[in-house]
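Participant: predicted structure and sequence below. I'll ask about it afterward.
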Amino acid sequence: MRPIIAALWMLLGMLCLSAYTLPAPAGAANSEGLTGRELLKLCNSTYDTDYGFCAGYISGIANALLAGPVAGETACNHQPVRSEQLIDIYRNYAEVFPDNMKGSAAKTAAAALARAFPCHR
């Protein structure tokens, strides 16, 4: 994927991430939003749009972790890291902790990154 296209997909993913933080409409079937399993499915997709969403979503979580905790998780010293590396971290986390993938995508992505980049104090 060319760098400009990858950057556009990452931007799209981050925009979608910001939409995730909006309240769900009344009567929405899934009030939790995107799940960890759904995000993993997008990350493993052969479609550029799905993979791009995954890259943008996880990169958005990584950037948010630079500013402070996300879903109660903290991570340190993870910049600069390529989006492909972040996706690999998420996939590995899903393999080791498959039961955690039932929760929100934001929580599972933050937990994966926190595990990969712990804060040593």
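Facilitator: All right, it came through fine.
Participant: so what's Ala75 up against?
Facilitator: 62, 65, 110, 113-114, 116-119 (C-beta atoms under 8 Å, 6 or more residues apart in numbering). Every residue, glycine included, has its C-beta placed from N, CA and C.
Participant: element containing it?
Facilitator: Under the criterion of DSSP states H and E, Ala75 resides outside all helices and strands.
Participant: Ala111 now?
Facilitator: Per DSSP H and E: helix 105-116 holds Ala111.
Participant: for the host helix or strand of Tyr57, name the packing helices and strands.
Facilitator: Assigned by DSSP H and E, Tyr57 falls within helix 48-67. With contacts defined as 3 or more C-beta pairs under 8 Å, 6 or more residues apart in numbering; DSSP states H and E, helix 48-67 has these neighbours: helix 3-20, helix 36-43, helix 83-96, helix 105-116.
Participant: the inter-axis angle of the helix holding Ala111 versus helix 83-96?
Facilitator: 90 degrees (axes from the mean of the first three to the mean of the last three C-alpha atoms, to 10 degrees).
Participant: buried ones in helix 105-116, by neighbour count?
Facilitator: Of the residues in helix 105-116, those buried by neighbour count under the rule 16 or more other C-beta atoms under 10 Å are 105-114, 116.
Participant: switch these over to CSV; also include distance to Gly33 and pLDDT.
Facilitator: Listed next are the buried residues of helix 105-116 as CSV, based on distance: C-beta to C-beta, whole Å; pLDDT from 0 to 100:
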residue, distance to Gly33, pLDDT
Ala105, 7, 96
Ala106, 8, 96
Lys107, 10, 96
Thr108, 12, 97
Ala109, 12, 97
Ala110, 14, 97
Ala111, 16, 97
Ala112, 17, 97
Leu113, 18, 96
Ala114, 19, 95
Ala116, 23, 95
